[in-house]
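Asks: make a model of this:
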Amino acid sequence: MNKTLLILAFLLVHHFSFSQSYKVGQFEDNEITLSEVPYEQDAPAVVLLSEGNSRFFSGLLETTHFVRLKVLTEAGKEYADIRVRYYRGDNNTEDINGVKAQTTNFTNGKEETTKVSKDAIFDVDMGDGYREMRITFPNVQVGSIIEYQYKKTDKSITFIDGWTFQNKLPTLVSRYEITMHPALEYKTIGQGQNYYTKVEKSQERDTYQWVMRELRSLKEEPYMKNYRDYVDRIEFQLSQYQTGSGNGYQSGSEWKQVLNSWEVLGDELISIYSQKGYYRSNPIEKEILDTDLSGATQQEIASKAYYYLRDNYRIEGEDWIYPEQSLNQLFKSKVGTPVELMLALMGMLKSLGITCDPVLIGSKGYGRSDLVPFPFLNQFDEIVLLTELDGKSQFLDLSHSDAPFGYVDLDKHVAGGLYLEKNKSGIVPIDIKHSSNAVYYSQVKWNEEGELVMSSSHRKYQYEALNYSQEIEQLQKKNEDLAKLFEEEEGVVFENFKVDNLVKEKGVLTINFDTKFTEIAEQDMIIFSPLKFSSFSKNPFTQEYRMFPVDFEYAFTETYNTTVTIPEGYELDDYPLEGGYTIDGGFVTFVYKPSIINDNLNISARFSVTKPLIPASEYANLKYFMESVASKLSEPVILKKKIAE
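Replies: Modelled structure (predicted):
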């Protein structure tokens with residue numbers, strides 16, 4: 001997406017030198033002999049050194065980048081094609097120059113260096129102002145060390161991206177250094193577990209340095225789709241700068257603030273929304289006279305207003321904090337972006353006497369796991385609404401055309417945001433209330449043909465229902481069997497599906513179906529697993545090490561109730577025993593209770609996630625917990641034929 005670049009336009013003439021810890025083509029013995037990464041032995045390649053040195057000069061920020069990378073396996077050769085994206089825009093906002101690169105091989109103790117030709121260093125236009133600098137290294141072999149360096153200039157110095165320490169490959173040393181200008185004062189924004197526990201910091205006058213060592217590669221991990229929010233990174237936000245007569249910095253000149261207060265920042269956004277007509281003083285009556293928005297409660301009124309907009313307007317475009325259309329343009333076009341429709345909903349609710357105001361948030365995946373504790377607008381990218389309905393606070397969202405009233409997109413489930421109210425804007429916590437649960441009922445019996453059949457009814461609510469509804473709709477659009485909702489298993493047939501989808505109206509979905517165990521007939525010993533349909537009957541966490549937190553996205557409970565009717569001529573030989581598990585902190589719990597009443601075996605179980613974000617430090621405990629849950633849910637019931645007396 002195109003984000004507005006804030007560029008500070010004044011000339012800085014002060015020059016600084018910066019340090020350099022490497023020399024191109026000069027290697028340590030341990031770099032030459034390294035054949036695998038001790039802490040990540042399956043790595044195809046390794047970043048031996050990644051370094052950045054930044055300085056201000058002539059109104060720009062210039063950063064010299066250097067990377068030394070070693071290929072360890074055949075698969076590692078693909079990392080010898082380098083791509084660096086940057087934003088040039090219409091004004092050369094960013095630019096890359098001074099690119100140098102080479103490949104070094106070691107044959108019989110002799111170094112052989114091949115320089116990368118100019119033809120193998122080129123730029124590609126990626127559209128929307130973005131370009132990509134690419135390097136193709138020659139003569140790359142297992143054991144090759146490739147090196148490249150370049151200078152990147154940036155006119156936008158209000159916010160400095162700084163440095164990301166981790167890479168797609170394990171990194172032995174990642175170092176960043178910046179020399180500050182005395183006329184500029186920045187706030188430092190650090191992020192990531194390693195940043196707070198492993199970083200080595202140093203300072204000499206106006207030069208600051210951060211070093212991290214032995215970093216693991218960035219890899220996808222189950223239940224973490226927004227790892228960008230947790231990578232080890234350092235950034236800088238300009239808070240004030242010094243001005244004087246003439247060009248550049250002069251002693252005794254005035255300091256000008258860049259960062260204001262939360263109140264001022266909030267008023268600036270309210271002013272933008274007001275100019276577009278979303279904060280108009282007269283009620284929005286003309287546009288809503290055609291529909292009945294009356295109700296016995298504020299909850300009912302707000303729900304009607306929500307469904308009126310959702311069902312009569314098309315949601316289209318990027319979810320962002322700035323509206324493009326005015327309110328009147330939106331009413332005419334009946335097509336709007338999520339922020340435009342949400343601000344329209346806000347205006348309608350205010351007209352109906354309901355308190356409602358926007359809250360700016362930094363959504364999941366936008367690059368930050370926590371709010372920056374000072375008025376920094378760039379940390380926000382989306383909004384939600386905060387209403388007061390019948391004396392209770394409730395957050396609203398209108399970014400999905402198929403979502404029921406009260407649904408807030410999962411990427412907006414963050415810890416806090418900036419509440420916008422004239423002269424009173426400030427940070428508020430975000431706690432989204434919902435009941436995203438699932439209930440599974442099953443009855444296991446023998447049919448008239450002597451086959452074992454489990455008749456099931458699965459009912460899901462809110463987030464669980466919406467996710468399941470989308471899966472079902474995708475299969476139905478392709479005319480595919482709903483049996484694909486479940487893992488294929490030999491000797492098991494899923495049939496007789498019936499779906500009652502009330503997600504849009506009530507946030508509830510019910511699916512009824514039969515599971516036929518075709519290979520189980522009247523045998524001497526019958527073995528089957530009555531709860532194996534659960535998504536947690538297999539442990540999703542198999543990696544030995546976890547880098548990022550586990551994010552279940554929302555709290556939920558799955559309840560299982562299964563009744564097994566013991567057929568005539570059989571008796572219960574074995575069944576799972578009662579059990580219960582949890583981990584420190586109460587993030588997750590599981591209970592399992594069987595009981596026998598007459599000729600029925602009743603099994604009830606409950607799996608609950610009460611705190612959906614689980615820190616990586618708890619991964620070992622969570623992995624063991626989930627393995628225990630999976631084992632319990634997969635345990636079989638065993639029936640055997642009675643011995644004739």
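Asks: show me the contacts for the closest residue to residue 347 other than its chain neighbours.
Replies: By the measure of Cβ to Cβ, 6 or more residues apart in numbering, the closest residue to residue 347 outside its immediate chain neighbours is residue 284, 4.9 Å from it. No exception for glycine: its C-beta is placed from N, CA and C like everyone else's. With contacts defined as Cβ atoms under 8 Å, 6 or more residues apart in numbering, the neighbours of residue 284 are 327, 344, 347-348, 351.
Asks: again with residue 294
Replies: Taking Cβ under 8 Å, 6+ apart as the criterion, residue 294 is in contact with 301, 304.
Asks: mind checking pLDDT for it?
Replies: Reading off the confidence values, residue 294 has pLDDT 88.
Asks: in a helix, it, correct?
Replies: No. Secondary structure assignment (DSSP: H, G, I helix; E, B strand; the rest coil) places residue 294 in coil, not in a helix.
Asks: elements contacting the helix or strand of the chain with the lowest mean pLDDT?
Replies: For the chain, the helix or strand with the lowest mean confidence is helix 503-506, at a mean of 85 (criterion: mean pLDDT, DSSP states H and E). Packing partners of helix 503-506 (3 or more Cβ pairs under 8 Å, 6 or more residues apart in numbering; DSSP states H and E): helix 462-477.
Asks: tell me which residues are up against the helix it packs on.
Replies: With contact meaning Cβ under 8 Å, 6+ apart, helix 462-477 is reached by 402-404, 406-407, 410, 434-438, 460, 481-482, 484-485, 499, 501, 503, 507-509, 511, 553-554, 556.
Asks: buried ones in that helix?
Replies: Residues 462-469, 472 are the ones in helix 462-477 that count as buried (16 or more other Cβ atoms under 10 Å).
Asks: three-state assignment of residue 300?
Replies: Look at residue 300: counting by three-state DSSP, its state is helix.
Asks: need the contact list for it.
Replies: By Cβ under 8 Å, 6+ apart, residue 300 has no neighbours at all.
Asks: my read is residue 364 is in a helix, agree?
Replies: No. The secondary structure assignment for residue 364 gives coil rather than a helix, going by three-state DSSP.
Asks: isn't it up against residue 408?
Replies: No. Residue 364 is not in contact with residue 408 according to Cβ atoms under 8 Å; the separation is 11.8 Å.
Asks: the more surrounded of those two?
Replies: Higher neighbour count among residue 364 and residue 408: residue 408, with 24 against 21, using other Cβ atoms under 10 Å.
Asks: quick one: that one from residue 213, how far?
Replies: Counting by Cβ to Cβ, to the nearest Å, the separation of residue 408 from residue 213 is 40 Å.
Asks: low-confidence ranges in this protein?
Replies: 1-21, 244-252, 281-283, 285-289, 521-522, 644-645 (pLDDT under 70).
Asks: how is it partitioned into domains?
Replies: What automatic domain parsing lists as the domains of the chain is 29-256, 262-429, 438-641.
Asks: I'd like those domains as JSON lines, with distance to residue 23 appended.
Replies: As requested, the domains of the chain are arranged in JSON lines below (distance: least, Cβ to Cβ, whole Å):
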{"stretch": "domain 29-256", "distance to residue 23": "10"}
{"stretch": "domain 262-429", "distance to residue 23": "34"}
{"stretch": "domain 438-641", "distance to residue 23": "32"}
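Asks: that older thread, and the buried residues of helix 462-477, which is closest to residue 368?
Replies: Distances from the buried residues of helix 462-477 to residue 368 were compared by Cβ to Cβ; the smallest belongs to residue 463, at 22.8 Å.
Asks: what's the neighbour count on residue 583?
Replies: Counted with other Cβ under 10 Å, the neighbours of residue 583 add up to 17.
Asks: the closest residue in space to it that isn't next to it in sequence and residue 315: what is the separation?
Replies: In space, not counting the residues next to it along the chain, residue 583 is nearest to residue 621; the distance is 4.4 Å by Cβ to Cβ, 6+ apart. Counting by Cβ to Cβ, the gap between residue 621 and residue 315 amounts to 41 Å.
Asks: tell me which of those two has more neighbours.
Replies: residue 315 (20 against 16).
Asks: my read: residue 525 touches residue 637, true?
Replies: No. With contacts counted by Cβ under 8 Å, residue 525 stays clear of residue 637, the gap being 11.4 Å.
Asks: these two: which has the busier surroundings?
Replies: residue 637 (22 against 11).
Asks: so how many other residues sit close to the residue nearest to the more buried one when sequence neighbours are not counted?
Replies: If the residues on either side of it in the chain are set aside, residue 637 comes closest to residue 575, at 4.9 Å by Cβ to Cβ, 6+ apart. A count of nearby residues for residue 575, using other Cβ under 10 Å, gives 16.
Asks: quick one: contacts for residue 575?
Replies: Residue 575 sits next to 594, 601, 603, 635, 637-638 when contact means Cβ under 8 Å, 6+ apart.
Asks: do that again at 7 Å, thanks
Replies: In this structure, residue 575 makes contact with 594, 601, 637, judged by Cβ atoms under 7 Å, 6 or more residues apart in numbering.
Asks: separation between it and residue 564?
Replies: 8 Å.
Asks: mind checking the SS state of residue 305?
Replies: Residue 305 carries the three-state label helix when classified by three-state DSSP.
Asks: hmm, it is touching residue 293, no?
Replies: Yes. Between residue 305 and residue 293 there is a contact at 5.6 Å, judged by Cβ atoms under 7 Å.
Asks: which one's more surrounded, those two?
Replies: Between residue 305 and residue 293, residue 305 has the larger neighbour count (other Cβ under 10 Å), namely 27 against 18.
Asks: let me see the contact set for the more buried one.
Replies: When contacts are counted by Cβ under 7 Å, 6+ apart, residue 305 is found next to 293, 345, 348-349, 352.
Asks: now, those residues that are in helices?
Replies: In helices, judged by DSSP state H, the following of the contacts of residue 305 are found: 345, 348-349.
Asks: could you dump those residues into a markdown table and include distance to residue 80 and neighbour count?
Replies: Supplementary listing: the ones in helices among the contacts of residue 305 in a markdown table, determined by distance: Cβ to Cβ, whole Å; neighbours: other Cβ atoms under 10 Å:
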| residue | distance to residue 80 | neighbour count |
| --- | --- | --- |
| 345 | 52 | 23 |
| 348 | 57 | 24 |
| 349 | 57 | 25 |
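Asks: for those residues, which one is nearest residue 538?
Replies: Scanning these for proximity to residue 538, where the rule is Cβ to Cβ, the winner is residue 345, at 41.4 Å.
Asks: I'd assumed residue 309 was in contact with that closest one.
Replies: Yes. Under the contact definition of Cβ under 7 Å, residue 345 touches residue 309, with a separation of 5.6 Å.
Asks: what's the overlap in contacts for these two?
Replies: Applying Cβ under 7 Å, 6+ apart, one finds that residue 345 and residue 309 are jointly contacted by residue 398.
Asks: which element is the residue nearest to residue 347 on?
Replies: In this assignment (DSSP states H and E), residue 284 forms part of neither any helix nor any strand.
Asks: same question for residue 126.
Replies: The secondary structure element spanning residue 126 is strand 121-127 (assigned by DSSP H and E).
Asks: following element in sequence after that strand, please.
Replies: Moving toward the C-terminus from strand 121-127, the next helix or strand (DSSP H and E) is strand 130-136.
Asks: can you list the buried residues in the next helix-or-strand element following that next one?
Replies: Stepping forward along the backbone from strand 130-136, the first helix or strand reached (DSSP H and E) is strand 145-154. Buried residues in strand 145-154, counted by 16+ other Cβ under 10 Å: 145-150, 152-154.
Asks: tell me which residues form a beta bridge with the nearest residue to residue 401 once chain neighbours are set aside?
Replies: What sits nearest to residue 401 in space, not counting adjacent residues and going by Cβ to Cβ, 6+ apart, is residue 315, at 5.1 Å. The bridge-partner assignment for residue 315, based on DSSP bridges, gives residue 336.
Asks: compute the distance between residue 315 and residue 341, please.
Replies: In this structure, residue 315 and residue 341 are separated by 6 Å, where distance is defined by Cβ to Cβ.
Asks: same check, this time on residue 311
Replies: Shown here: residue 311 relative to residue 341, a distance of 12 Å by Cβ to Cβ.
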